[in-house]
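Asker: return atomic coordinates for the entry below.
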Amino acid sequence: MMTNLFSVFDPSTTIFNLSLNWLSTFIGLMLIPSSYWFLQSRMNLIWNNIILTLHMEFKTLLGPQSSGGSTFLFISLFSLILFNNFLGLFPYIFTSTSHLTLTLSLALPLWLAFMLYGWLNHTQHMFAHLVPQGTPSVLMPFMVCIETISNMIRPGTLAVRLTANMIAGHLLLTLLGNTGSSLSYFLLSFLIVGQIALLVLESAVAIIQSYVFAVLSTLYSSEVI
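Answerer: Have a look, this model is predicted:
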């Protein structure tokens, strides 16, 4: 039962022994017409307002010393994760963000870039981050160990948080869907209502997890500037 349950996350679409599931990560570039970016449609205006709001918030998190274009990296990261989270809610579409292969590929290079930049250009500032202000002298060695470990697990926690939240929602939807064939029509109506409510909840989770991933990446970046 558990094997069949988790098999919904397995890449299965192949042509000439090549997995095509990961192409869904970039399918938005093919589906969205070029006119979308130029016409002042309602959806375009809403998306522009979202981007502007994120730009102002990320710029506040990065601090006044950051350049105006530094937020575009995190806005693009938010957009990529958000699109793939929503895409995975549609039937028969591979959810790439439910795999550590993608989430860790996003989190690890960002973290490595931040660490290399910080230690090479702001070494004293990075050392100061290892010991929080006001720490007693006796606890300083322990705080250095704790802060170092906390720093090193950041890419893992970023990746696992996103993956676990995506997997949990999809497992619930799969479990409810598998029980539908054995229910009466009366119970089936309640099941459909429950699935719709869970789908709405999963849509909110898709937005929240994209936002959390982008905000935490922004905060990690602000520590090395």
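
Asker: per-residue confidence at residue 27?
Answerer: pLDDT recorded at residue 27 is 70.

Asker: separation between it and residue 158?
Answerer: Residue 27 sits 24 Å away from residue 158, going by Cβ to Cβ, to the nearest Å. C-beta: built from backbone N, CA, C; applies to glycine.

Asker: model confidence over the longest helix along the chain, on average?
Answerer: The residue-count maximum for a helix in the chain (DSSP state H) belongs to helix 185-222. Mean pLDDT, helix 185-222: 90.

Asker: what helices and strands are in contact with that helix?
Answerer: Using 3 or more Cβ pairs under 8 Å, 6 or more residues apart in numbering; DSSP states H and E, the elements in contact with helix 185-222 are helix 42-62, helix 72-87, helix 100-121, helix 154-178.

Asker: relative to helix 100-121, how tilted is it?
Answerer: Relative orientation of helix 185-222 with respect to helix 100-121: 20 degrees, computed using axes from the mean of the first three to the mean of the last three Cα atoms, to 10 degrees.

Asker: in helix 185-222, what counts as buried?
Answerer: Residues 202, 205-206, 209-210, 212-218, 220-222 are the ones in helix 185-222 that count as buried (16 or more other Cβ atoms under 10 Å).

Asker: do the same with stretch 82-98
Answerer: Under the neighbour-count criterion of 16+ other Cβ under 10 Å, stretch 82-98 has 82-89, 94-98 buried.

Asker: what's the answer for stretch 124-137, then?
Answerer: Neighbour counts using 16+ other Cβ under 10 Å place 126, 130 of stretch 124-137 among the buried residues.

Asker: and the helices and strands packed on helix 185-222, which is most packed in?
Answerer: Mean neighbour count (mean count of other Cβ atoms under 10 Å) peaks for helix 72-87 among the helices and strands packed on helix 185-222, with a mean of 20.

Asker: show me what it is packed up against.
Answerer: With contacts defined as 3+ Cβ pairs under 8 Å, 6+ apart, the secondary structure elements packing on helix 72-87 are helix 42-62, helix 100-121, helix 185-222.

Asker: of these, which is nearest residue 134?
Answerer: Residue 134 lies closest, by Cβ to Cβ, to one member of those: helix 185-222, at 20.8 Å.

Asker: low-confidence ranges in this protein?
Answerer: Within the chain, the stretches falling below the threshold (pLDDT under 70) are 1-22, 28-40, 67-68.

Asker: and the nearest residue to residue 154 once chain neighbours are set aside, how far from residue 129?
Answerer: The shortest distance from residue 154 to any residue that is not its chain neighbour, by Cβ to Cβ, 6 or more residues apart in numbering, is 5.6 Å, and that residue is residue 111. Relative to residue 129, residue 111 is positioned 14 Å away (criterion: Cβ to Cβ).
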